[in-house]
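[1] Fold the following for me, if possible:
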Amino acid sequence: QGRRAAAGCPAGNSAKLVAPLGCLVSRQKHTLPDLPYDYAALEPHINAEIMQLHHSKHHATYVNNLNVTEEKYQEALAKGDVTTQVSLQPALKFNGGGHINHSIFWTNLSPNGGGEPKGELMEAIKRDFGSFAKFKEKLTAVSVGVQGSGWGWLGYNKEQGRLQIAACANQDPLQGTTGLIPLLGIDVWEHAYYLQYKNVRPDYLKAIWNFYSDTTLVVVPVAYKLIVLLRKALHSSSKSISQSSKVFCLFNSVRGIYLEF
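    From the prediction side, this is the model:
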């Protein structure tokens, strides 16, 4: 734990789903998280075959390749082999991003979804998008419009203190690409829908909103509230804190994701 703390990594085993990719000292291997529901739980909108392949094959491959790449990176780091370290960056980004993105995605979905969020998150959505309907329309349009493979996201802009919609190509992680804190993601890779919806991505987007609201009501507000509280604490501190020199890792225990500030 001492070496992990020195490396800026959280101690213990709390990072079950996703550990920060920079924490390579005395690291534990990444593992495929269990789904919080059965593969058939999202039928008829997303069938069991898609869910099984998506989770046990696609996500598992990202996890396995990430572990292999990190092992190679550790070896190169120990040898001072900068060339190999640099050459491994694309694989770390792709497989690490795939692991992070899918770990968020599974917890965003719920068989008990549908409807609109309430409380602080709903107020933030109204403030930043005008209404839930406008937010939903915009995120859907951005996700449908992703060229090739990628993700549509609702994120939190910590500098501006507001919610923001963005798209990321391939498996690029939202925070590492845009700086936004990921709250809700939509996977628009074809493996997420093609077996059922073929090439009609808009139909998949229409169907998937049936599963987002339950977690919007439970998981996302917790993350959002923690972000807001930490942001207020930082701004009310009597000491001047430079974000460029100090990183705060906030662990969202509901989702198991590290949020960096």
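[2] Spatially nearest residue to residue 139 (excluding sequence neighbours)?
    Once flanking residues are discounted, residue 139 sits nearest to residue 165: 5.2 Å by Cβ to Cβ, 6 or more residues apart in numbering. C-beta here means a position set from N, CA and C on the backbone, and glycine is covered the same way.
[3] What about the one you found, how many residues nearby?
    19 (other Cβ atoms under 10 Å).
[4] Let's test this: mean pLDDT of the helix or strand hosting it, rounded?
    For residue 165, the host element (DSSP states H and E) is strand 162-169. What strand 162-169 shows for mean pLDDT is 96.
[5] What's the mean pLDDT across the one helix or strand residue 153 maps to?
    Per DSSP H and E, residue 153 falls inside strand 150-157. What strand 150-157 shows for mean pLDDT is 95.
[6] Offset the numbering so it begins at 652, please.
    In the new numbering, first residue 652, that becomes strand 801-808.
[7] Pull out the buried residues from it.
    801-807 (16 or more other Cβ atoms under 10 Å).
[8] Cross-check the contact I'm expecting between the residue nearest to residue 790 and residue 789.
    Yes. Between residue 816 and residue 789 there is a contact under Cβ atoms under 8 Å: 5.5 Å.
[9] Can you dump the C-alpha atoms of the strand holding residue 816 in PDB for me?
    Extracted C-alpha coordinates of strand 813-820, given in PDB (Å, rounded to 0.1, in the frame of the first residue of the first chain):
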ATOM      1  CA  ARG A 813     -21.900  22.500 -15.800                       C
ATOM      2  CA  LEU A 814     -23.000  19.400 -17.600                       C
ATOM      3  CA  GLN A 815     -21.900  18.900 -21.100                       C
ATOM      4  CA  ILE A 816     -22.500  16.500 -24.000                       C
ATOM      5  CA  ALA A 817     -19.600  15.100 -26.000                       C
ATOM      6  CA  ALA A 818     -18.700  12.300 -28.400                       C
ATOM      7  CA  CYS A 819     -15.500  10.200 -28.400                       C
ATOM      8  CA  ALA A 820     -14.100   8.200 -31.300                       C
END
